[in-house]
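Asker: Here's a sequence, model it:
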Amino acid sequence: MIEESRSPPTQLGQYAREIDLSPVQEEICRRVMEGESVRSICRDEHMPCRSTVLNWLAADPTFRVGYSLAKQLLAETLAERILKISDDATRDWVDTPDGKLFDHEHVQRSRLRVDSCKWLAGKLAPKRYGASLLRIDSAADEKRAPSPEQIAVRLSALANAASQLKEE
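Answerer: Here you go, the predicted structure:
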């Protein structure tokens, strides 16, 4: 049975072959894209130790490109995970001798999981999943900042408007 999460690794595998990753490096990138940490991946017997992977990232531009692509695709995996968590209400209610009770703890944990995924997806793909309302573009702010001459003109206009109001 082929799961939905199996289709992106095929795409990553295609890119991995195009950028010439070793099979181990390709597997690391695929598993990172699926949401597994490097620390967890490196616990497997057939995988290199974490420091080797970090050295590859530092020294091997080809692996760095593949890993970067995997991290970008991880944002998509996280977005899918958010929808799955949000749609799953199976443990929101608990059967008790008194009837069904709402499980606040489970709902709060689900909310925390969603918030964590949203935060990470926003960091990995800020243009797609970042909080655009919170972004501050300093270059745009500098363009909007009035010059001293503009401030003087505005103050003069306000002073004139105030004096006209007093006369009326």
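
Asker: tell me the domain ranges of this protein?
Answerer: 4-134, 141-167 (automatic domain parsing).

Asker: In a markdown table, list these along with mean neighbour count and mean pLDDT.
Answerer: Every residue, glycine included, has its C-beta placed from N, CA and C. Putting the domains of the chain into a markdown table (neighbours: other CB atoms under 10 Å; pLDDT from 0 to 100) gives the following:
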| stretch | mean neighbour count | mean pLDDT |
| --- | --- | --- |
| domain 4-134 | 14 | 86 |
| domain 141-167 | 9 | 72 |
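
Asker: in the chain, which spans are helices?
Answerer: 7-18, 23-33, 38-41, 50-59, 61-87, 104-124, 126-129, 138-144, 148-167 (DSSP state H).

Asker: Just send those helices back as TSV, with distance to Thr96 too.
Answerer: Listed next are those as TSV, based on distance: least, CB to CB, whole Å:
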stretch	distance to Thr96
helix 7-18	41
helix 23-33	40
helix 38-41	36
helix 50-59	45
helix 61-87	24
helix 104-124	14
helix 126-129	38
helix 138-144	55
helix 148-167	66
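
Asker: Next up, the contacts around the spatially closest residue to Ser86 that is not a sequence neighbour.
Answerer: Of all residues not flanking Ser86 in the chain, Val114 sits nearest, at 6.1 Å (CB to CB, 6 or more residues apart in numbering). Applying CB atoms under 8 Å, 6 or more residues apart in numbering, we find Val114 in contact with 82, 85-86.

Asker: distance of Val114 from Gln108?
Answerer: 11 Å (CB to CB, to the nearest Å).

Asker: Repeat that for Cys117.
Answerer: 15 Å.

Asker: How about Leu155?
Answerer: From Leu155 to Gln108 the distance is 52 Å (CB to CB).

Asker: and Ser147, what are its phi and psi?
Answerer: phi -80, psi 170 (degrees, to the nearest 10).

Asker: What separation do you get for the residue nearest in space to the middle of the chain and Asp88?
Answerer: Nearest residue to the geometric centre of the chain (CA atoms, centre = their mean): Ala121, 1.3 Å. Distance, Ala121 to Asp88, by CB to CB: 18 Å.

Asker: mind listing what Glu27 touches?
Answerer: Met47.

Asker: all numbers from here: first residue = 73
Answerer: Right, with 73 as the first residue, what we last looked at is Glu99.

Asker: And it, how far from Lys199?
Answerer: Distance from Glu99 to Lys199, by CB to CB: 28 Å.

Asker: ok, the residue nearest to the centre of the chain touching Glu152?
Answerer: No - look at Ala193 against Glu152 with CB atoms under 8 Å: they stay out of range, at 10.0 Å.
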